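> One predicted model, sequence on top.
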Amino acid sequence: MIPEGRGSGRGWRAALATLAFAVTALVIYALFSSGFGRIPRPVEEPPEPVAVVTPTPATKGASVAGRISTSEAGLAVVSDDFWLAYLPGGLERIGGGVIESEPGVEAGWARFGSAGRFVEAQVEHGSVAADWQSYRARITVLDARATTVRGKPAVVGRHPDGGRVIAWLERVGTGAWIRVSESLGKELVAVAASVQAPVGD
């Protein structure tokens, strides 16, 4: 014969064990959820927003002077399919347009400046830029040394009229050069590296 109360003691012990298990699981879950014991990650500041602007295509041969200013978009348009994504601060467009030089050659130029500082850029399309050798012979660069612009053949040195200049073959049929004042000499390569010249259809 089983004494009374013996089975009820087991029931209470089972209930207490279940409760203890649930409390233990809850405590463990709370510890892991809180991040206790984890190495704190350094706080990363979000990057500053960058304005991305796509220049609208202009009519073929039309001047783009004033169509996009450097203060609006951070873009400096030289011609319909050639623009700079970087200019040193404080420069405003002070000249530019289409150059009509010789038959079969399309060229555009732009000048950005402020007191004692300037960036001037020119791009030429056509037979004058059929290859690097022919385009290189067209550009006068003093104290020239070979270099590259985004992997393309280039030459850098002094401009005959003062300042520093870099010239390169953007692609077959397109050559370009950028000239800066002596005060912006250290910015020359950065300006050239920022060129955006998408290949046409």
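Cool, the structure landed.
> ok, Arg138 - contacts?
Arg138 sits next to Val128, Gly175 when contact means C-beta atoms under 8 Å, 6 or more residues apart in numbering. Yep, even glycine has a C-beta here, placed from its N, CA and C like the rest.
> domain parsing for the chain?
With domains defined by automatic domain parsing, the chain comprises 1-38, 70-196.
> which residues touch Ser101?
Contacts for Ser101 (C-beta under 8 Å, 6+ apart) come out as Ala107.
> hang on, it is in a helix, isn't it?
No. Remark: Ser101 does not belong to a helix; assigned using DSSP: H, G, I helix; E, B strand; the rest coil, it is coil.
> what about stretch 118-136, distance to the chain center?
Averaging C-alpha positions (C-alpha atoms, centre = their mean, to the nearest Å) puts stretch 118-136 23 Å from its chain's average.
> now do stretch 176-184
20 Å.
> same question, stretch 134-149
Worked out by C-alpha atoms, centre = their mean, stretch 134-149 lies 25 Å from the chain centre.
> swap in stretch 21-29?
Centroid displacement of stretch 21-29 relative to its chain, using C-alpha atoms, centre = their mean, is 52 Å.
> one step back: adding mean pLDDT, write the domains of the chain out as CSV.
Output for those, formatted as CSV (pLDDT from 0 to 100):
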stretch, mean pLDDT
domain 1-38, 70
domain 70-196, 87
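> highest average neighbour count across the ones you listed?
When the domains of the chain are scored by mean count of other C-beta atoms under 10 Å, the highest mean neighbour count falls to domain 70-196 (a mean of 17).
> So which residues of this protein form strands?
76-79, 82-84, 92-99, 105-114, 117-126, 142-149, 152-158, 164-171, 174-180, 195-196 (DSSP state E).
> Out of those strands, flag the one nearest Leu16.
strand 195-196 (73.5 Å; C-beta to C-beta).
> What are the contacting residues of that closest one?
Leu75, Phe82, Trp83, Leu84, Ala85, Val149, Arg150, Glu170, Ala176, Ile178.
> Among those, which one sits closest to Ile28?
The closest of the contacts of strand 195-196, once distances to Ile28 are taken by C-beta to C-beta, is Ala85, at 53.4 Å.
> Great, nothing more from me.
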